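Asks: Return atomic coordinates for the entry below.
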Amino acid sequence: QHIPTLSSPRMGSKNGKPVLTDENAAALAQSSGLDVVQVREYFDAFVAEHPNGKMKKKDFREMMQKALPKKDASKMEKHVFRIYDTNGDGVVDFPEFMVVYFIMADGTPEEVLSKIFRVFDVNSDGSITKKELTRLIKDMYGLLNEDNPEQASKDLITKSAFAEMDKDEDGKISLEEFISACLGQEQFSKMLACKIIDIFVEDDAE
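Replies: All right, here's what the predicted structure looks like:
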């Protein structure tokens, strides 16, 4: 949780209906650069779609299918879901939904990459193993092919990206190593990170 104001707000509920308290609305406005009125508009739209205030995986799948071709969406949704579901409870609530939205829109490269890291860290233990990277690249391969003129194999992409990132060669990639490889313009690391970011950027443009 890089944004302390957002790790705390949890949505309350009144008569079983989700409510956004003034305090939470103010915290979300502060972190997102929107005003409180806009935050409340987003909240009302979110609750109209998800009356109990929680986006389930099924709803998330529909959102992903708008952003990606169907076959890629079904492979990628579980990975992208991890970015949103920061507390790991299997649903996305409004504060979680908003955090991503703004980090992707206005975040620093480091903030964006620390979110993206969650896609690569399959078991959410804070580091990426070669096995995790292999699995993600297998699921991402359809997306990579458009930008992969040499048709590098899954195996080559995995090996190259892992070598670029795992600078201390301890067999796992930390968040810091991941960020420095992507910012350092390492070829494969950058390609993978950009592909994940594209999912959000294109989604926004609709």
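Asks: Spatially central residue (nearest the centroid) of the chain, please.
Replies: Among the residues of the chain, residue 83 comes closest to the average C-alpha position under Cα atoms, centre = their mean, at 3.2 Å.
Asks: What is the three-state secondary structure of that residue?
Replies: helix (DSSP: H, G, I helix; E, B strand; the rest coil).
Asks: There's contact between it and residue 115 in this structure, I believe.
Replies: Yes. Judged on Cβ atoms under 8 Å, residue 83 makes contact with residue 115 at a distance of 5.3 Å. In short, each C-beta sits where N, CA and C put it, glycine included.
Asks: For residue 120, the count of nearby residues, please.
Replies: The number of residues packed near residue 120 is 26, by other Cβ atoms under 10 Å.
Asks: show me the contacts for the residue nearest to the centre of the chain.
Replies: Contact analysis of residue 83 by Cβ atoms under 8 Å, 6 or more residues apart in numbering lists 100, 115, 116, 118, 119.
Asks: ok, and what's touching stretch 98-107?
Replies: 3, 6, 28, 31-34, 39, 42, 83-84, 86, 111-112, 115, 197, 200-201, 204.
Asks: which other helices and strands contact the helix ranked longest in the chain?
Replies: For the chain, the helix that runs over the most residues, judged by DSSP state H, is helix 187-205. Counting contacts by 3 or more Cβ pairs under 8 Å, 6 or more residues apart in numbering; DSSP states H and E, helix 187-205 is packed against helix 57-67, helix 70-84, helix 94-106, helix 109-120, helix 130-144, helix 154-165, helix 175-183.
Asks: If you tally nearby residues, what's the number for residue 139?
Replies: Residue 139 has 18 neighbouring residues, counting by other Cβ under 10 Å.
Asks: Low-confidence ranges, this protein, go.
Replies: 1-16, 146-151, 202-206 (pLDDT under 70).
Asks: can you rerun that using 50?
Replies: 1-9, 203-206 (pLDDT under 50).
Asks: The residue lying closest to residue 135 once chain neighbours are set aside and residue 27: what is the separation?
Replies: Closest residue in space to residue 135, ignoring its immediate chain neighbours: residue 122 at 6.1 Å, by Cβ to Cβ, 6 or more residues apart in numbering. Per Cβ to Cβ, to the nearest Å, residue 122 is found 30 Å from residue 27.
Asks: Likewise for residue 105?
Replies: In terms of Cβ to Cβ, residue 105 sits 17 Å off from residue 27.
Asks: Which one's more surrounded, those two?
Replies: Regarding residue 105 and residue 27, a neighbour count based on other Cβ under 10 Å identifies residue 27 as having more, with 19 against 13.
Asks: before we move on, which element is that one in?
Replies: Taking DSSP states H and E as the criterion, residue 27 maps to helix 22-32.
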